[in-house]
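A.B. asks: I need the structure of the sequence given here:
(one chain, ligands or ions: 1)
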Amino acid sequence: MTLLEKVWNAHTVRKLPNGQTQLFVGLHLVHEVTSPQAFDMLRARGWKVRFPGRTIATVDHIVPTRDQRRPFLDVMAEDMLAALERNCRAAGVPLLDLQSGSQGIVHVIGPELGLTQPGMTIACGDSHTSTHGAFGAVAFGIGTSQVRDVLASQCLALDPLKVRRIEVSGTLGSGVYAKDIILEIIRRLGVNGGAGYAYEYAGDTIERLTMDERMTICNMSIEGGARVGYVNPDQTTFDYLRGRRFAPEGDAFDAAVTWWRSMASDADARYDDTVRIDARGIRPTVTWGINPGQSVYVDERLPRPSDMEPATRASLAEALEFMGFQGGDPIKGTRIDVAFVGSCTNARLSDLREAARVVRGHHVAAHVKALVVPGSQGVRAAAEREGLDRVFTDAGFDWRNAGCSMCLAMNQDRLEGREVCASSSNRNFKGRQGSPIGRTLLMSPAMVAAAAIAGEVVDVREMTGGN
Ligand code: SF4
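C.D. replies: Numbering: from 1, shown residues only. Now for the predicted structure:
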């Protein structure tokens, strides 16, 4: 069996008459944006949170990353956090708030605190919950009415999923990161290619990745249309979890490892589809369009609608027009206005280290506004212990407090007008970063750092001498 089948079977409460499965949810992660209405719906029916001990909350989307004094200047943000505080208090749900030292983007803190573990089912009212699959968990992003369902019953009703194994093999070139792997996968398979599938990432390239890198890949599964994405748990996973706050300890940890190992896909597991990708050919990648599948290598030119299949010509032309690009343009040399290192895709300590490595000894271009937003208070503190904050601030970056920041711009961090942003986040949809006409170029944190310094899209390999 695959890991998906094993986890699914272990958590099945019953088969529903409509063909769905009622699945028990091991861990429910809650944040301030998708939970207020769900708690209201519960209250309206007189229901209680069924398993407060399997529920944990934090605040991430709306938090200001500069001035976090309460009440927040943004009245709506203040109301949302106040509602979360009231709801958590009333329901007995632990809240990792701004005073906790453990607050952060929900998909950063779950793994960081050892809440996310192999073989689990996890749900959260945010699309990028697939991140937790890096640990061999099956993790679903859900909507507000499903948040209500999980609060009330700790269960979800889900359609069955097929499994596509994506085998990535070969050594990555210098300056090529996990972000480039997942952008390559999405470019090849399409933004809807994963519809109805769980993506199992495997192969020697994936096996060599750190947990941070595996999280970057699983995080963007949803951008490829997959419902969930996961990596089978292995020694890298167990080493990461040992000693974390919510991970089992002592003999219980060893017992857990035995069970976690058993949940990995069997060597003779059957897959609905298998895709093989040679990592040696992947180069630093940049999106040029309005979905994460519209990308090119940094040394490539943008596609021309006339070269494309008739079915894709219209969407290509729409993307080029919105972005103000012409087919055949090089992406390299595109002037940027904003550089954003942050988000649940790429704001972990290793991401900040790689960005700092590029930045060290340089200065942000005069016309660029650059900011680094750590994924959690834990990441921020660890980065400061290493002096990374000084590297960034000396170079002219803003060093901010943890939160989603400019990934979704539900706070003061937003693009203005037609600004172009080099961003380490995960979505380049129209309006995603706060301005309806703002433009987002997705890339790795190292590439964002390089663009910040140069003031335009550059090949990070040329800035670091290929190291
Ligand atoms: S960083 Fe972006 S994608 Fe991640 S949880 Fe926040 S808003 Fe969602």
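
A.B. asks: where exactly do the strands run in the stretch 151-300 of the chain?
C.D. replies: Counting by DSSP state E, counting those that start in this stretch, the segments of the stretch 151-300 of the chain that form strands are 155-158, 162-169, 197-202, 228-231, 273-278, 285-287, 295-297.

A.B. asks: what is the second one packed up against?
C.D. replies: In terms of contacts (3 or more C-beta pairs under 8 Å, 6 or more residues apart in numbering; DSSP states H and E), strand 162-169 is packed against helix 178-189, strand 197-202, helix 204-208, strand 273-278. C-beta coordinates here come from the backbone N, C-alpha and C atoms, glycine included.

A.B. asks: change it to 6 Å
C.D. replies: strand 197-202, helix 204-208, strand 273-278 (3 or more C-beta pairs under 6 Å, 6 or more residues apart in numbering; DSSP states H and E).

A.B. asks: quick one, which of these is packed in tightest?
C.D. replies: Among those, ranked by average contacts under mean count of other C-beta atoms under 10 Å, first place goes to strand 197-202 (a mean of 26).

A.B. asks: picking that back up, turn the strands of the stretch 151-300 of the chain into JSON lines, including distance to the ligand and mean pLDDT.
C.D. replies: Converted to JSON lines, these look like this (distance: least, C-beta to the nearest ligand atom, whole Å; pLDDT from 0 to 100):
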{"stretch": "strand 155-158", "distance to the ligand": "19", "mean pLDDT": "98"}
{"stretch": "strand 162-169", "distance to the ligand": "21", "mean pLDDT": "98"}
{"stretch": "strand 197-202", "distance to the ligand": "17", "mean pLDDT": "98"}
{"stretch": "strand 228-231", "distance to the ligand": "14", "mean pLDDT": "98"}
{"stretch": "strand 273-278", "distance to the ligand": "24", "mean pLDDT": "98"}
{"stretch": "strand 285-287", "distance to the ligand": "15", "mean pLDDT": "98"}
{"stretch": "strand 295-297", "distance to the ligand": "18", "mean pLDDT": "98"}
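
A.B. asks: in CSV: those, plus distance to residue 444.
C.D. replies: What follows is those, written out as CSV (distance: least, C-beta to C-beta, whole Å):
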stretch, distance to residue 444
strand 155-158, 33
strand 162-169, 16
strand 197-202, 17
strand 228-231, 18
strand 273-278, 17
strand 285-287, 8
strand 295-297, 12
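
A.B. asks: residues near the closest residue to residue 457 other than its chain neighbours, how many?
C.D. replies: Leaving out its chain neighbours, the residue that sits closest to residue 457 by C-beta to C-beta, 6 or more residues apart in numbering is residue 334, at 4.4 Å. The tally of other residues near residue 334 (other C-beta atoms under 10 Å) stands at 21.

A.B. asks: which pLDDT does the model give residue 334?
C.D. replies: The confidence metric pLDDT takes the value 98 at residue 334.

A.B. asks: please name whichever of the strands of the stretch 151-300 of the chain is nearest to residue 30.
C.D. replies: Ranking these by their distance to residue 30 (criterion: C-beta to C-beta) puts strand 155-158 first, at 14.3 Å.

A.B. asks: restrict the closest one to CA atoms and write it as CSV.
C.D. replies: Provided in CSV are the C-alpha atoms of strand 155-158 (Å, rounded to 0.1, in the frame of the first residue of the first chain):
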residue,chain,number,x,y,z
CYS,A,155,-13.9,14.5,11.2
LEU,A,156,-14.0,15.4,7.5
ALA,A,157,-16.0,13.9,4.7
LEU,A,158,-13.6,13.4,1.8
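
A.B. asks: relative to that strand, what are the paired strands and their orientations?
C.D. replies: Strand 155-158 has the following sheet partners, assigned by DSSP bridges: strand 21-24 (antiparallel).

A.B. asks: helix or strand right after the strand it pairs with?
C.D. replies: Helices and strands here follow DSSP states H and E; after strand 21-24, the next one along the chain is strand 27-30.

A.B. asks: now for that following strand, which elements pack on it?
C.D. replies: Using 3+ C-beta pairs under 6 Å, 6+ apart as the contact definition, the elements that strand 27-30 packs against are strand 121-124.

A.B. asks: how about residues contacting the strand it packs on?
C.D. replies: Residues outside strand 121-124 that contact it (C-beta atoms under 6 Å, 6 or more residues apart in numbering) are 11, 23, 25-29, 106, 132, 137-140, 142, 150.

A.B. asks: same deal with stretch 420-438?
C.D. replies: Stretch 420-438 has contacts (C-beta under 6 Å, 6+ apart) with 220, 287, 290, 336-341, 343, 345-346, 406-407, 409, 414-419, 439-442, 445, 448, 451.

A.B. asks: could I get the average pLDDT for that stretch?
C.D. replies: Looking at stretch 420-438 alone, the average pLDDT works out to 98.

A.B. asks: now do it: distance from first to last residue.
C.D. replies: Terminal residues of stretch 420-438 are spaced 6 Å apart (C-alpha to C-alpha, to the nearest Å).

A.B. asks: right, is that stretch up against the ligand?
C.D. replies: Yes. Contact of stretch 420-438 with the ligand is found when judged by C-beta under 6 Å from any ligand atom, involving 425, 426.

A.B. asks: centre of the chain to that stretch, how far?
C.D. replies: Per C-alpha atoms, centre = their mean, to the nearest Å, the displacement of stretch 420-438 from the mean C-alpha position of its chain is 15 Å.

A.B. asks: just the helices from the stretch 301-450 of the chain, written as ranges.
C.D. replies: All helices of the stretch 301-450 of the chain, identified by DSSP state H, counting those that start in this stretch, fall at 310-323, 349-359, 377-385, 388-394, 445-454.

A.B. asks: pull out the buried positions in the longest helix along the chain.
C.D. replies: Using DSSP state H to assign secondary structure, the helix with the most residues in the chain is helix 75-91. Going by neighbour count (16 or more other C-beta atoms under 10 Å), the buried part of helix 75-91 is 77, 80, 81, 83, 84, 87, 88, 91.
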